[in-house]
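*Asks:* just a sequence and a predicted model for now, questions to come.
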Amino acid sequence: MSASSPVSCSIDLNAPGKQIGHLAFPKITNTAGWASTFVHIASVANGEGPTVLVLAGNHGDEYEGQVAALRLLQELEPDQVTGRVIVIPRLSPAAAVANTRNWPSGANFNRSFPGRSDGPPNEQLADYLTTVLFPLADVVIDMHSGGRTAWFLPCSHMHVVDDPVQRKAMLEGMEAWCSDWHYLYIDVNGSGLLPVEAENQGKLVITTELGGGGRVPAPVHRLAWSGLTNVLRHVGVVTGEVQTRASLGLPPAIILDGRDPDTIVVSPEDGLFEGMLEPGDPVTAGAPVGRLWFFDRPDRAPVLLRSPVDGYVVVTKAIPITEQGDCVFVVGTPIDRAGLL
């Protein structure tokens, strides 16, 4: 953190025990000229061991991870920890309250990194994570979902980073979520992602996409919690037996490769999207995944939107009203884990 950073922390991140407090940085509103935005933070520390930074609510309308992080903050006690767990359950509080992806300013917090101490509020907070919290951490967990706009196959996922040691550790961390599916993703719509900044600092980064579509089914809540706690055991910061899919009596997970930009299909025009397949469904190249209807042209036949490749549906648009250029579905192709190593 630069000396001029406006972000302050109300707890001592180097102290042992359990602390719950907040980060604060300036805001100016119509009801308060001198005010602060609070982003709540907790630390549970005991003895020597790794530091794990658990993050949720990067996008406001992604609540799956926020619930799991709040539960972790409540239930985790120092005697269960060897090292330190730092938890921020809601990185974008105003967006979470408004049930929106972006901040009220329009800023996408996940495009705010590395941030600037003299920038707008989203960049001030990003700068604090970049210069204070990431350097403290050995492991960064950033939990996402499709938010209101998309249903994403519940999975843990990762970038395929260049460094082979970091890549192997990230692959094993991703698999420790014990989800049925894993996904390999690339950056789209610009730079500035939180996980990329952490990866660039050499951290073991574990990320998720846990459903979405405007509600959280109970099985997704269970996966968010079981996956998060198992990863904490896997990296050695929380006591307890590490589970695997084999120990749970489950078949191996399927890893889907989404690094080809052509597997992200967007709408060619405005319309009403009808999904014809669900995430997790197999699909062949050229087969329809959805179709686009036209309210203003009821005499016009719908346009079929077809898969560009053989694979599985990973994402479908959750809101039928569709604008030209909106992502309507994503397809992933299976890849063997050995191919990543």
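*Replies:* Ah, there it is.

*Asks:* got the contact list for the residue lying closest to G214 once chain neighbours are set aside?
*Replies:* With C-beta to C-beta, 6 or more residues apart in numbering as the measure, R148 is the residue that lies nearest to G214, at 4.8 Å, once sequence neighbours are left out. (Each C-beta comes from the backbone N, C-alpha and C, glycine too.) R148 makes contacts with 61, 99, 101, 212-214, 318-319, as judged by C-beta atoms under 8 Å, 6 or more residues apart in numbering.

*Asks:* pLDDT weak spots in this protein?
*Replies:* Applying pLDDT under 70 to the chain flags residues 1-3.

*Asks:* what's the longest helix along it packed up against?
*Replies:* With DSSP state H setting the assignment, residue counts place helix 218-234 as the longest helix in the chain. In this structure, helix 218-234 makes packing contacts with strand 51-55, helix 64-75, strand 139-144, strand 150-158, helix 164-175, strand 204-212, judged by 3 or more C-beta pairs under 8 Å, 6 or more residues apart in numbering; DSSP states H and E.

*Asks:* out of these, which comes closest to N30?
*Replies:* Across those, N30 has its closest neighbour in helix 64-75 (27.2 Å, C-beta to C-beta).

*Asks:* what about the closest residue to L272 other than its chain neighbours, how many neighbours?
*Replies:* Closest residue to L272 apart from its sequence neighbours, by C-beta to C-beta, 6+ apart: W293 at 4.3 Å. When counting by other C-beta atoms under 10 Å, one arrives at 16 neighbours for W293.

*Asks:* look at the nearest residue to P164 once chain neighbours are set aside and say how many residues are nearby.
*Replies:* Setting aside the residues directly before and after it, P164 is nearest to L341 in space (C-beta to C-beta, 6+ apart), at 7.3 Å. Residues contacting L341 under the criterion other C-beta under 10 Å number 9.

*Asks:* cool, M276 as well?
*Replies:* M276 sits with 17 neighbouring residues when counted by other C-beta under 10 Å.

*Asks:* need the contact list for it.
*Replies:* Applying C-beta under 8 Å, 6+ apart, we find M276 in contact with 288-291.

*Asks:* are any of these buried, and which?
*Replies:* Among the contacts of M276, those classed as buried by neighbour count (16 or more other C-beta atoms under 10 Å) are 289-291.

*Asks:* now, among those, which is nearest to H159?
*Replies:* Nearest to H159 out of the buried ones among the contacts of M276 is V289 (C-beta to C-beta; 25.0 Å).

*Asks:* just checking, the closest one touches V283?
*Replies:* Yes. With contact defined as C-beta atoms under 8 Å, V289 and V283 form a contacting pair (6.1 Å).

*Asks:* please enumerate the shared neighbours of the two.
*Replies:* Any residue near both V289 and V283 by C-beta under 8 Å, 6+ apart counts here, and that gives 277, 307, 313, 331.

*Asks:* narrow these to those in strands?
*Replies:* Among the shared contacts of V289 and V283, the ones falling in strands (DSSP state E) are 313, 331.
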